[in-house]
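Novice: Attaching a predicted model along with its sequence, questions to come.
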Amino acid sequence: MFNTFANILAMSQPGGGQSGSGSLISMLVMFGAVILIMYFLMIRPQQKRQKEHQKMLENLKKGDKVVTTAGIHGTITDIDGSSMILQVSDNVKITFEKSAIAAKK
């Protein structure tokens, strides 16, 4: 069975078993094209969203209405370094990390 498989592979390669350098180059070009397509369709948009989210977090101030990643809606009452206090109801304040803020309303 192995001999049959080896014979089929030998017949399919150009030059009677010697691999051509042209097929290697075309394979590398196709591999590079796939990587570029993945970069522009997946990686680059994600980096753009991350930068926009980071900019939004840096521009938060007291009085802004926000939504956390847990879905809690509140108003920023105090910002202290990397944490902030959200007022979610009358006399109810919760401390969150800035990274827990998903969006600004």
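Specialist: Everything's here; your move.
Novice: The most centrally placed residue in the chain: which element?
Specialist: Nearest residue to the geometric centre of the chain (C-alpha atoms, centre = their mean): Gln46, 4.1 Å. Under DSSP states H and E, the secondary-structure element containing Gln46 is helix 44-58.
Novice: For that helix, give the mean pLDDT please.
Specialist: Across helix 44-58, pLDDT averages out at 94.
Novice: Assess the claim that Leu86 and Ile94 are in contact.
Specialist: Yes. Using C-beta atoms under 8 Å, Leu86 is in contact with Ile94, at 5.3 Å. Placement of C-beta: from N, CA and C, glycine included.
Novice: where along this protein do the strands fall?
Specialist: 65-68, 73-80, 83-89, 92-97, 101-104 (DSSP state E).
Novice: list residues touching both of Leu86 and Ile94?
Specialist: Ile72, Gly74 (C-beta atoms under 8 Å, 6 or more residues apart in numbering).
Novice: So between those two, which is more surrounded?
Specialist: Using other C-beta atoms under 10 Å, the more surrounded residue of Leu86 and Ile94 is Leu86, with 23 against 14.
Novice: Can you tell me how far the closest residue to that one other than its chain neighbours is from His53?
Specialist: Closest residue in space to Leu86, ignoring its immediate chain neighbours: Gly74 at 3.3 Å, by C-beta to C-beta, 6 or more residues apart in numbering. Shown here: Gly74 relative to His53, a distance of 18 Å by C-beta to C-beta, to the nearest Å.
Novice: between the two, who's got more neighbours?
Specialist: Taking Gly74 and His53 together and counting by other C-beta under 10 Å, Gly74 has the greater number of neighbours (22 against 14).
Novice: show me the contacts for that one.
Specialist: Residues in contact with Gly74 (C-beta under 8 Å, 6+ apart) are Lys65, Val66, Thr68, Leu86, Gln87, Val88, Ile94.
Novice: If we use 7 Å, what do you get?
Specialist: Val66, Leu86, Gln87, Val88 (C-beta atoms under 7 Å, 6 or more residues apart in numbering).
Novice: Give the burial count for the first one, as a bare number.
Specialist: If I follow you right, that is Val66. The burial count for Val66: 22, using other C-beta under 10 Å.
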